[in-house]
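This is a predicted model, with the sequence first.
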Amino acid sequence: MIKILLLSLLMIKIVQFSIEEIFKIEVYKKIIYFILPIVILLFYVKLGFNEDFLRYSLLACFLLVISIIDYYTMYIYDITIISGIIIQGFILLITKDIIMNHILGLIFGFIIPYILVKLTKGIGSGDIGVYALCCFCVGINRCLFLIPMSFIFGSIYGVYLLVIKKEIKEIIYSICAMHIFSYSVFNC
C-alpha cells in the first residue's frame, strides 16, 4: 500500500507540474489530490500491482491533464496526446504485450471519431486524439466497448448540465471528462 501512496504522490506532482508549469494554468489543487489517488487506488484494487496497473494509472494522469487543460482553454493540445501515446508505447514494449492489438486499437480509436467529427460535428477534433490514446492503451478488444460507453455517459452528463442550465463551456468539457469516467469504470 505504501508503493501505491508514493506512486500516487509522484503522479500528482507530475500532473501538477504539467498543468501549472508547462501550460501555465492555475488549478484548484484539491481536485488533483482527490481524483487521482482514488482512480489509482481503484486500479490497484482491480488489477494489483502489475504492468496493466502502471499503464492505466499513467493513462489516468494524461486524461486528467487533458481534461483540466480542455476545461480552461477549450483546446486539446496534440503534444499531450502524442506524449501519452509514446509513453504507452514504451510501456507496451517493455512489458512485451501484444503490440498489434494496441496498434489496431489506436487505428480504430482514430478512424471512428474522425468519421464522427467529419459527418456530425458532434464532438471536437481534439477528442479524436483522446479516443486514439485511450484505445491505444486498452487495445482493440476493449476499445469496441469504450467508445460507445463514453458517448452514453457523456450524453447523460451533458443532459444533466443542460437541465441545471450550466454554460456551454462546461457541456463541452463534459465529453473529455466522461472519457476518464467511462474508462476507469468500464475498463479492466
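Sure, I can see it.

Show me the shaky parts of this structure.
Counting by pLDDT under 70, the chain has low-confidence residues at 1, 19-23, 25, 27-28, 122, 165-188.

so the spatially most central residue of the chain is in which element?
For the chain, L63 is the residue whose C-alpha lies nearest the centre (C-alpha atoms, centre = their mean; 3.0 Å). Under the criterion of DSSP states H and E, L63 resides in helix 51-73.

Alpha carbons of that helix, in CSV - could you do that?
The C-alpha atoms that make up helix 51-73 are tabulated as CSV, following Å, rounded to 0.1, in the frame of the first residue of the first chain:
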residue,chain,number,x,y,z
GLU,A,51,2.1,-3.6,-15.9
ASP,A,52,-1.7,-3.0,-16.5
PHE,A,53,-1.9,-1.0,-13.3
LEU,A,54,1.1,1.1,-14.4
ARG,A,55,-0.3,1.6,-17.9
TYR,A,56,-3.8,2.6,-16.8
SER,A,57,-2.5,4.8,-14.0
LEU,A,58,-0.4,6.7,-16.4
LEU,A,59,-3.3,7.0,-18.8
ALA,A,60,-5.4,8.4,-16.0
CYS,A,61,-2.7,11.0,-15.4
PHE,A,62,-2.7,12.0,-19.0
LEU,A,63,-6.5,12.1,-19.2
LEU,A,64,-6.7,14.3,-16.1
VAL,A,65,-4.2,16.7,-17.6
ILE,A,66,-6.0,16.8,-20.9
SER,A,67,-9.4,17.3,-19.1
ILE,A,68,-8.1,20.2,-17.0
ILE,A,69,-6.4,21.9,-19.9
ASP,A,70,-9.6,21.3,-22.1
TYR,A,71,-11.7,22.9,-19.4
TYR,A,72,-9.6,26.0,-19.1
THR,A,73,-8.6,26.5,-22.7
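
so what secondary structure elements neighbour it?
With contacts defined as 3 or more C-beta pairs under 8 Å, 6 or more residues apart in numbering; DSSP states H and E, helix 51-73 has these neighbours: helix 2-17, helix 29-47, helix 78-95, helix 126-138, helix 168-186. For the C-beta atoms, the positions are set from N, CA and C on the backbone; glycine is no exception.

Let's have the ones you listed in CSV, adding mean neighbour count and distance to I69.
Formatted as CSV, the entries for these read as follows, by neighbours: other C-beta atoms under 10 Å; distance: least, C-beta to C-beta, whole Å:
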stretch, mean neighbour count, distance to I69
helix 2-17, 14, 11
helix 29-47, 16, 13
helix 78-95, 15, 7
helix 126-138, 25, 10
helix 168-186, 19, 9
